[in-house]
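Student: This is a predicted model, with the sequence first.
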Amino acid sequence: MAQIVFGMAVPHSGMLGQAPEDWLTNGERDRKNPELWYQGRTWTYPELEAHRGAAFEPFLTLEERTTRAGRCRAALDEMKAAYERANVDVAIILGKDQKEIFIDNNPSMSIYTGAKIENGPPQRSVYGPDSRVVYDAHPGLAMHITQALQAEGFDLNQIVNWPPNVWMQNEPIVPHAFGFIYHQIMGDQPPPNVPILLNTFYAPTQPSVRRSIAFGQALNRAIQAWDADTTVAIIASGGLSHFVCDEQLDQRFIDCFRSSDFEGLARIDERSYQSGNSEVKLYIPVMVAMSQLGCDMTLVDYVPCYRTEAGTGEGMGFMYWAPR
């Protein structure tokens, strides 16, 4: 039987590929965003700055940005090393689409059952190499997971071939959430893997927190029922709070992950899981599956990275699970 030996949750922010000198350029996008989610509602940038009192200006100096960028780089290096130590045979990667391949439809849960995955230009360098590459997927495991989850009441959208990626000049390039893992964690040499997409961003087909918990439980059962003598990693590519960085909310998330507190996550209002914050729902199935196997979470680092005086930015949470 297959054995799950490693779990990981890692942010895939574009800021991780930027020099700290360039972080503040992202703030211009935030200032123009009329729907910045914070504390369960949307704010305009002027409203947010008035509410938070421009309290984050001390964190915007180049010295502070450089320090925090260095911590993120060190955390990514440790995450990559932890993945390499696990030496897995196959991987399940949880990510999401952000109007890259799903333009006029928003399936709640999708699984890729094809054989090949493309990455590279015109993908940004943080998400892919500088030349086109093709990775091996795992159609056999993908079909096994699909059938097992269908039997448990999860209706999955099947992706047989990658649709054109509108972010990538309509080339069939993998969405950026997955490219980040292949490039930054796996060094463009991934094992055969199964990409699974959860629609965390777009109402009304977003899975709830409780559905994400149930999904993690069912995914764990499906993998362990796979009749193959192989080791498996489950990896989530997402993030904590963004595009408004909320350290208090992030700490609640991290405390729940550390203690495997499923109910604690479910008690957090669904309005706190909107916009970028919704990517926490990608972390949840990994936490659920690994906690059921008795694995402990290692928090490599949590780095709040700011880009405006109102505290817009991203909470970078780097964590993994391994057997005791």
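Tutor: All right, it came through fine. Owing to the predicted nature of the structure, the values given are computational and were not obtained by experimental measurement.
Student: What degree of burial does Ala159 show, as a neighbour count?
Tutor: Actually, residue 159 is Ile rather than Ala. Using other CB atoms under 10 Å, Ile159 has 20 neighbouring residues. Bear in mind the C-beta positions are built from the backbone N, C-alpha and C, glycine included.
Student: Skip the chain neighbours and tell me the closest residue to it.
Tutor: Tyr112 (4.6 Å; CB to CB, 6 or more residues apart in numbering).
Student: just checking, the one you found touches Val194?
Tutor: Yes. Between Tyr112 and Val194 a contact is recorded at 6.8 Å, counting by CB atoms under 8 Å.
Student: what touches both of those two?
Tutor: Ala137, Ala142 (CB atoms under 8 Å, 6 or more residues apart in numbering).
Student: Could I get the full set of strands for this structure?
Tutor: Ranges of strands in the chain, per DSSP state E, are 3-11, 36-38, 41-43, 90-95, 109-112, 116-119, 133-136, 157-159, 193-198, 231-238, 242-244, 296-306, 312-322.
Student: neighbouring contacts of the third one?
Tutor: For strand 41-43, the surrounding residues in contact (CB under 8 Å, 6+ apart) are Pro34, Glu35, Leu36, Trp37, His51, Val244, Arg271.
Student: For the third one, give its distance to Ile111.
Tutor: When CB to CB, to the nearest Å is the yardstick, Leu36 and Ile111 sit 32 Å from each other.
Student: now the fourth one
Tutor: Computed with CB to CB, the distance linking Trp37 and Ile111 is 28 Å.
Student: Could you list the low-confidence segments of the stretch 1-150 of the chain?
Tutor: Applying pLDDT under 70 to the stretch 1-150 of the chain flags no residue at all.
Student: Which stretches in it count as helices?
Tutor: Secondary structure of the stretch 1-150 of the chain, counting by DSSP state H, counting those that start in this stretch: helices at 26-31, 45-52, 62-86, 139-151.
Student: Please name the bridge partners of the residue most central in space within the chain.
Tutor: Relative to the mean C-alpha position of the chain, the nearest C-alpha, by CA atoms, centre = their mean, is the one of Gly238, at 1.6 Å. Beta bridges link Gly238 to Pro11, judged by DSSP bridges.
Student: Surely it touches Met8?
Tutor: No. With contacts counted by CB under 8 Å, Gly238 stays clear of Met8, the gap being 10.9 Å.
Student: Cys245 - how many residues pack around it?
Tutor: 26.
Student: no wait, Val160
Tutor: A count of nearby residues for Val160, using other CB under 10 Å, gives 9.
Student: which residue sits closest to it in space, ignoring its chain neighbours?
Tutor: Spatial nearest neighbour of Val160, chain neighbours left out: Gly114 (5.5 Å); criterion: CB to CB, 6+ apart.
Student: that older thread, closest to Ala222 out of the strands of the chain?
Tutor: Closest of these to Ala222 is strand 90-95, at 9.4 Å (criterion: CB to CB).
Student: Parallel or antiparallel, which strands does that closest one pair with?
Tutor: Here, using DSSP bridges, strand 90-95 pairs with strand 193-198 (parallel), strand 231-238 (parallel).
Student: Hey, what's the angle from the shortest one to helix 139-151? Just curious.
Tutor: Going back to what we said before, that points to strand 193-198. Strand 193-198 and helix 139-151 meet at an angle of 30 degrees, taking axes from the mean of the first three to the mean of the last three CA atoms, to 10 degrees as the criterion.
Student: average model confidence for strand 193-198?
Tutor: Averaging pLDDT along strand 193-198 yields 98.
Student: What are the contacting residues of that strand?
Tutor: Residues outside strand 193-198 that contact it (CB under 8 Å, 6+ apart) are 90-97, 107-112, 117, 135-138, 141-142, 145, 159, 174-175, 178, 207, 212, 215, 219, 281-282.
Student: For the residue nearest to the centre of the chain, which residues are in contact?
Tutor: So Gly238 contacts 9-12, 94-96, 177, 200, 279-283 (CB under 8 Å, 6+ apart).
Student: TSV please, covering these and showing neighbour count and distance to Arg29.
Tutor: Formatted as TSV, these follow (neighbours: other CB atoms under 10 Å; distance: CB to CB, whole Å):
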residue	neighbour count	distance to Arg29
Ala9	29	25
Val10	27	23
Pro11	27	17
His12	26	17
Leu94	30	26
Gly95	25	22
Lys96	27	19
Ala177	25	19
Thr200	26	20
Glu279	29	17
Val280	29	21
Lys281	27	23
Leu282	25	22
Tyr283	29	24
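Student: tell me which of these is nearest to Phe59?
Tutor: The nearest member of those to Phe59, counting by CB to CB, is Pro11 at 17.5 Å.
Student: List the contacts of Gly315.
Tutor: Residues near Gly315 by CB under 8 Å, 6+ apart: Gly239, Leu240, Ser241, His242, Cys245, Asp246, Glu247, Asp250, Tyr302, Val303, Pro304, Cys305.
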